[in-house]
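>>> next comes the sequence, and after it the predicted model I'd like to discuss.
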Amino acid sequence: MPAPEVAPVHTHTETAKTLGHVLRAITRNLLATGSPSLAAAFTAAARSRLRQTSARRIATTNGLFTTSHNGIHAIPTQELDNALARARSLYGAGMGFASLGILSSIVKATVGLRWEEDGAMADVLAVIDADISQAMQSCKEELEGGRVSDTVGNLWSNIGESARDVEIWGGEFPFDRASNSIECWKF
């Protein structure tokens, strides 16, 4: 008689997620309780690694959004999630200007799209709006080092283009917070 099959209690994905959370908690604890030089060295290593990878750019913006089953409204894709993760890694490591480059490309990719006011697309655009504000905060740290980038000008241009496009089709402009952050920012 064959042995009964027993389903695993935890899948590989669940175990990997749990391990990731534990490792992040350990890292945060080490950085919080260690010497200031440890945190500075960790941040420098993270920035160095991010500079070496292709995290600073999006190969193409074509796959960030797709059309919903109704054929009219846009919806976010996994590729957008990947791009947002890269942007968050950058601004989280104090590389706000590099992250704004990615976020600016995402904003530009929304031009010409339509979405439902209460759908997944509207929700993710609100999150992107908040990400832009966070990235701008990270840029302020970079400014202390005397570096100003053309990235903010490109982002401002793309936000303006998005505002004009949304006004044409009568939608709700999704990047108010980002627009206000840029307007209030003094260089």
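Good, I have the coordinates.
>>> name the next helix or strand following the longest helix along the chain along the chain.
Identified as the longest helix of the chain according to DSSP state H is helix 120-143. Remark: after helix 120-143, the chain's next helix or strand is helix 151-169, criterion DSSP states H and E.
>>> mind listing what the residue positioned nearest the centre of the chain touches?
In the chain, the centroid-proximal residue (Cα atoms, centre = their mean) is Leu84; its distance is 2.8 Å. Neighbour list for Leu84: Ile106, Val127, Ile128, Asp131 [criterion: Cβ atoms under 8 Å, 6 or more residues apart in numbering]. No exception for glycine: its C-beta is placed from N, CA and C like everyone else's.
>>> pull out the buried members of those.
Among those, the ones that count as buried by 16 or more other Cβ atoms under 10 Å are Ile106, Ile128, Asp131.
>>> from the residues you listed, pick the one nearest Ser37.
Asp131 (30.0 Å; Cβ to Cβ).
>>> from the chain's centre, how far out does the worst-scoring helix or strand of the chain on mean pLDDT sit?
The helix or strand of the chain with the lowest confidence, counting by mean pLDDT, DSSP states H and E, is helix 12-33 at a mean of 78. Put simply, helix 12-33 sits 21 Å off its chain's centre (Cα atoms, centre = their mean, to the nearest Å).
>>> could you list the low-pLDDT ranges of this protein?
Within the chain, the ranges that satisfy pLDDT under 70 run 1-12, 54-59, 145-150, 186-187.
>>> any idea how far Cys184 is from Asn154?
Distance, Asn154 to Cys184, using Cβ to Cβ, to the nearest Å: 18 Å.
>>> then Ile106?
22 Å.
>>> thinking again about what came up before, give the buried residues for the longest helix of the chain.
Using 16+ other Cβ under 10 Å as the test for burial, helix 120-143 gives 121, 124-125, 128-129, 131-132, 134-136, 138-139, 142.
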